[in-house]
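Visitor: Pasting the sequence and the predicted model now:
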Amino acid sequence: MVLMKKKYASPNPFYSVAIPVAFIFIPFIIFLMMDKMFPLSMPEDEKSFAVTVIARDGTPLRSFPDEKGVWRYPVRVSEVSPLYLKALLSYEDRLFWHHPGVNIYALFRAVFQYVQTGKPQSGGSTITMQVARLFHPHSKTIPGKLRQMFRALQLEFYYSKKEILTMYLNYAPFGGPVEGVQAASFAYLGKSAKELSHAEAALLAVLPQAPSRLRPDRHAGRATRARNKVLNRMAQFGVWDRETVEEAKIERVTPRFNPRPMMVPLLARRLKSETRNSKFETRNSEVEIRNSIIRTFIDPYMQQAVADLVYGFIQGTPEHTSAAALVVENKSLAVKAYVGSGDFLDDSRFGHVDMIRAYRSPGSTLKSFLYGFALEEGLIHSESLLVDAPFSFSGYRPENFTQAFSGPVSVSEALQRSLNIPAVDILDRLGPKFFDTRLRQGGLRLRFPPHQEPNLTMILGGVGASLEDLVSAYTAFACQGLAGKLRYTTDDPISERRLLSPGAAYIIRQILQEHRRPDLPGGRVSLEHSRGVAWKTGTSYGFRDAWSVGVTDRHTIGVWVGRPDGTPSPGQYGRATAAPLLFSIVDSLPRGYGPPPSVPESVARAEICWPLGTRPSGKEDSLCHQRRHAWILNDVIPPTFPDRADRHWLSNPMTILVHPESGLRVDADCPVPNPVRKTIARWPRAAEPWLNPCTRAACRPPRLDPVCKKPVSSCAENIRIMGIESDTVFRPPGAETKLPTITLQAQGGQGRLYWLLNGELVHQTGIGETRFYQFKRPGRYQLTVMDLGGNYDAVEIVVLGGNFRG
C-alpha cells in the first residue's frame, strides 16, 4: 500500500498581514473609544489655583495656597538642577524616555519580587503612572492599578515626555501643604531647586515615595536613610562615582520647614489681585499650570535689610505708630524694596494697612516741584531774594513749622529749610491751577477734598498724595526731569512723562543735595554716598504724617511715618522722625556710582547781587549789598519780586532827587536849585527788621527836606511800639536775680501783630492787646513789631543780667 504525502496549503498572504495589524489596531481603537468615554481630567480644568510672588532672582517672597491649602511653585525642566533629574529618573524610572507610559518589565519584576519575599522590593510605577495617580487617584487594587495604567497611556498620547516630566516636577507631593520640587526645595532647604547638591537632590528624589513618613523636618533620621538609599543606587548604576556618594552621605539633613514665605506680604497681596495667571512654555507646546508666578524686581537682600530697619525703627516710636519705605532703581524704575508697614503681623500698629498706597497729606514734599516750575517760568534762580515774614495772602495767613520768621532768605535756603511763607508766595505768583496741571501732566495726581479747587493750601499739604506717587515723581531729579511709573513686575513696561526740564531738575537736585544731613556730625555726607543725597522732608498738619524722600545716583527712596488711623503724633515730624530712617536706609544700600550727572547746557553759574537779584553792575557797587553765586536756567536772571507790602512800589533800583548840600530827599516841586539824582537799591520792606542798621539805612530814601511841603509816610509811621524807646536799658528790679520783663504794646497796624526779638517770633497780639515777655538772657536786642501788611516799628534795647552792678 502506497501512502500518499499530505499536501499542506500555502498560507494566505492576507491573513499574514491582517492578524498582526489587528493586534495593533484593535487595542488602539478600543483605547480611543475608552478615551472618549473616560477623558483625562487635567489641572488646567480646575478653577482653584495657587499664586507665588517671587523676587527677581527667583526667591519666593510670598505664597498664596489654593483653596485646598496647597502651595506650589511652578518650574520648567530647565529650571531644575540636573543632579535632581538624574537622581529622580535613575531611582524612579530609568526607561522614562523610552516606554509608552507603562514599563511592563518593571511591573513583572515588582510582582515576582513581591511573590518571592512577601514584601514590595521595587516599584513598578513609572513617572507617567505617578502623574496619572496624582490627577486621577485610585484604590490600591488590581482594578485601580489597571485604571492607573490606562491614564498613563492617555498622558503619553496627549503630552510629550518633557510635558509629563514638568507635571511631575510641579505636582508631586512632598509633605504637608507642599507640592512640587521647587516649593519643597525652598520649604525644606531654603534654596532654589536649581542649586541642589548631590545629597539634596537625592533627598528630594525620594520624598514623594512617602512624603508624610519621610518629612525631614519631622523625621530627619528616616529621611537620611531614604536619601542614602538613593545615593547607593546612584553609585550602583554608575551615575555618580563612589567618592561623590560617600561625601554626600556626610551631609546632614537639617530639620527645617518654611512653606509660607512672607517677605513682602503687602506688595504680594496687591499684585495677586492685579496679575493674571502665567503660562509655562515647553519646547513643543504650552502647558498651562494654574499656579501663577508673579516675578517682581524685588532684591531679597535689600528687601530684608530695609524691612529690618523699619521694624527696628518703629520699636522706638509711640504705640500704634507704623512706617513705610520704598526703594526704586532710577535707571529701570524697578522697585527693589517695598515695606508697606512696620510689622505686618502687628494689628496694634495696623500692620495690614499698606501705607505706600494710602493717600495722606504730603506736607512740604511738593515744594521741590514748585520751585522747579518757577525756575522754568523764569520767576526765580537758585539765589533769588525771598522774604519770610508775616503776610496775608487774600486772607490766608500761613505760618512756619517753627512758628518763627527768618526775614530775607534765598530760594535755596527757603527750600532746604522748608519755609512756608516763601513757598506760598511763589505759588501765589505761579498760580495753584497751573501748579496742579503741571503735576498731573508729569504723572502726579493729587487728591483734593470734595468740591475744592486748587488753592494756596496745597503747597503746605492741603491735598492727598501717596508715597508711591511721590517717589515716582522724585525720580525725575535723577532722570533729567522724566518721572516714571514705578515697575513692580518684569511684565511692567517702562513708562515716563516729562515733569521738569533737565535744567530745572538738575538745579533743584543740587539745592536739595547741599542740604546738610541731620544725622551726621556737621551734616557731612556719608562715605557710602560721597556725592550726597538730595532729600526733602514733610510734615502734615497736626503731626499726622512725617515724610522724607531722598534721591541718589542709583536710587530714589521714600519714607512715611505716622498712625494709619490718622491720629496725631505730637513731636513726630519729617526732619526728626522720617529723615533718620531715610538715611539709615540710604546707608544700607549698595555702594558704587557711575559717572557723575553732567550739567545740562541750559544750566550755568552766575554771580548775582542782593537786593536786586540781578548781575552786579561793575560801576554801581552801592547797589550790590550782598554778592551770591546762583544756578541760573536758560541764562535768565530774574530780578527780586516787587514788594507786596508796598503799594507805591515802582521799580528797583529806585532813582530819587536829593538836595546837593543836605543830602535830604526832594521832589520836582521843591524849590531847590540843581537837585542831584541818586540811585538806591531797595530791600523788600518786610525784610528790613532783619537787616543790619547800615544796610537798612542804605536801602531807605533819605527823609524829605523841610523845604518840601508834601508829607511822605515812612515804613514805620502806621505802627508804633508804645512805652519803649531806642537804646533803653532794662535792669532787674531791686536786688532780684531774675531778668527783667517788658510790656509789649503797640499802636496802629493792620490785624494781628507779630513781636520779634532779633528776628525770632516771641509773641502775637491783637489790636490794643498787651502781652508781657521775660528775657531769658542778657544782651543787646532789636525789638520789632510787624503787621500782616508789612508795616513795622523797631527799637534797639539793652538787657542787663541779675549780677550787674552799676
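Guide: The structure has been received and is ready for your questions.

Visitor: can you map out the strands along the stretch 101-250 of the chain?
Guide: Taking DSSP state E, counting those that start in this stretch, the strands of the stretch 101-250 of the chain run over residues 178-179.

Visitor: Could you point out which residue ranges in it have low pLDDT?
Guide: 106-124 (pLDDT under 70).

Visitor: Apply 90 and report the result again.
Guide: For the stretch 101-250 of the chain, the stretches with pLDDT under 90 are 101-126, 128-130, 132-158, 176.

Visitor: Helices of that one, residue ranges please.
Guide: 104-117, 127-135, 142-158, 161-171, 181-184, 198-206, 220-236, 242-250 (DSSP state H, counting those that start in this stretch).

Visitor: Pick the most deeply packed of those.
Guide: Across the helices of the stretch 101-250 of the chain, averaging neighbours per residue (mean count of other Cβ atoms under 10 Å) puts helix 181-184 on top, at a mean of 28. C-beta here means a position set from N, CA and C on the backbone, and glycine is covered the same way.

Visitor: G538 bridge partners, please.
Guide: W547 (DSSP bridges).

Visitor: Tell me if I'm right that it and S418 touch.
Guide: Yes - if you go by Cβ atoms under 8 Å, G538 and S418 touch, sitting 7.5 Å apart.

Visitor: Looking at these two, which has the bigger crowd around it?
Guide: Of the pair G538 and S418, G538 is the one with more neighbours under other Cβ atoms under 10 Å, namely 29 against 24.

Visitor: and that one, what is it in contact with?
Guide: Under the criterion of Cβ atoms under 8 Å, 6 or more residues apart in numbering, the contact list for G538 reads P362, G363, S364, T365, L366, S418, G461, D545, A546, W547, S548, G574.

Visitor: isn't the fourth one right up against D469?
Guide: No - using Cβ under 8 Å as the test, T365 is too far from D469 to be in contact (10.3 Å).

Visitor: quick revisit: so for G538 and S418, which residues contact both of them?
Guide: S364, G574.

Visitor: Point me to the helix or strand that includes I426.
Guide: Here I426, judged by DSSP states H and E, is contained in helix 420-430.

Visitor: Tell me what angle the following helix or strand past that helix forms with helix 420-430.
Guide: Using DSSP H and E, the helix or strand that follows helix 420-430 in sequence is helix 432-441. Between helix 432-441 and helix 420-430, the angle comes out at 90 degrees (axes from the mean of the first three to the mean of the last three Cα atoms, to 10 degrees).

Visitor: model confidence over helix 432-441, on average?
Guide: Per-residue pLDDT values across helix 432-441 average out to 96.

Visitor: That one: which residues count as buried?
Guide: Neighbour-count burial for helix 432-441, counted by 16 or more other Cβ atoms under 10 Å, picks out P432, F435, D436, R438, L439.

Visitor: tell me which of those is nearest to V53?
Guide: Among the buried residues of helix 432-441, L439 lies closest to V53 (Cβ to Cβ), at 31.3 Å.

Visitor: middle-most residue in the chain, spatially?
Guide: With distances taken as Cα atoms, centre = their mean, L326 lies nearest the centre of the chain, 2.2 Å away.

Visitor: Hmm, that one is touching L467, no?
Guide: Yes - between L326 and L467 there is a contact under Cβ under 8 Å: 5.8 Å.

Visitor: quick one: common contacting residues for these two?
Guide: In contact with both L326 and L467: I356, G558, using Cβ under 8 Å, 6+ apart.

Visitor: Please, where are all the strands along the stretch 351-500 of the chain?
Guide: Along the stretch 351-500 of the chain, counting by DSSP E, counting those that start in this stretch, strands occupy 385-388, 407-410, 482-484, 496-498.

Visitor: Quick one, which of these gets closest to I142.
Guide: Short answer: strand 482-484, nearest of those by Cβ to Cβ, at 64.6 Å.

Visitor: The closest one: which residues count as buried?
Guide: So for strand 482-484, counting by 16+ other Cβ under 10 Å, buried means L482, A483, G484.

Visitor: Partner strands of that strand and their direction?
Guide: strand 496-498 (antiparallel).

Visitor: can you list the residues that contact the partner strand?
Guide: With contact meaning Cβ under 8 Å, 6+ apart, strand 496-498 is reached by L333, Q441, G442, G443, C479, G481, L482, A483, G484, K485.

Visitor: ok now it, how far from the chain's centre?
Guide: Mean-position distance between strand 496-498 and its chain equals 18 Å (Cα atoms, centre = their mean, to the nearest Å).

Visitor: All good on my end, thank you.
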